[in-house]
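Student: Prediction below, plus the sequence it came from.
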Amino acid sequence: MFFIVDTMGMCEVLAQLYDTFHTYAKQDGDCETLTKGELSKLLATEFGSGLSKDAEDTLTMLDQDKDSCVDFKEFLSLVGMVFLFMSCSEPVSQ
Ligand SMILES: [Ca+2]
C-alpha cells in the first residue's frame, strides 16, 4: 500500500487509505470503525505479522474517544506514525 505513494497525488493517497480502511472495517457489518480483530487483520496484511501481535496495544493507542474501536480519523494517526517512522528510517543520501 505505502510503496505506491510516490506515484500518486494526495487525493489518490487519501482515497486509497479510505478504501483500505473500509475493506477491513466492513467485515463486522459496521464499515465506520475497526474492531480489535479487524485492526489485527489490517496490521498483519498491510504492515506484516509483527505489528498484528500488538493489535490490543495499537488499538488502545489509537482509540482517542475510548469506544474500543478505531474510526477513520484515529486510523490516520497510525498512518501518520508509519510515514514519520519511514521518513526517519530512510538513509541520508549525499
Ligand atoms: Ca475510537
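Tutor: Received it, and whenever you're ready, just let me know what you need. Numbering: from 1, shown residues only.
Student: and the chain, which of its residues are near the ion?
Tutor: By CB under 5 Å from the ion, the residues of the chain that approach the ion are 63, 65, 67, 69. Every residue, glycine included, has its C-beta placed from N, CA and C.
Student: On the pLDDT front, check the second one for me.
Tutor: So the one you mean is residue 65. We have a pLDDT of 97 for residue 65.
Student: still on that earlier bit, closest one of the residues of the chain next to the ion to residue 79?
Tutor: Among the residues of the chain next to the ion, residue 63 lies closest to residue 79 (CB to CB), at 15.3 Å.
Student: hang on, the earlier thing: how about the residues of the chain next to the ion in a markdown table, adding neighbour count, distance to residue 55 and secondary structure?
Tutor: Formatted as a markdown table, these follow (neighbours: other CB atoms under 10 Å; distance: CB to CB, whole Å; DSSP: H, G, I helix; E, B strand; the rest coil):
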| residue | neighbour count | distance to residue 55 | secondary structure |
| --- | --- | --- | --- |
| 63 | 19 | 12 | coil |
| 65 | 10 | 18 | coil |
| 67 | 10 | 16 | coil |
| 69 | 20 | 12 | coil |
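Student: Specify which member of the residues you listed is nearest to residue 37.
Tutor: Among the residues of the chain next to the ion, and counting by CB to CB, the member closest to residue 37 is residue 69, at 10.7 Å.
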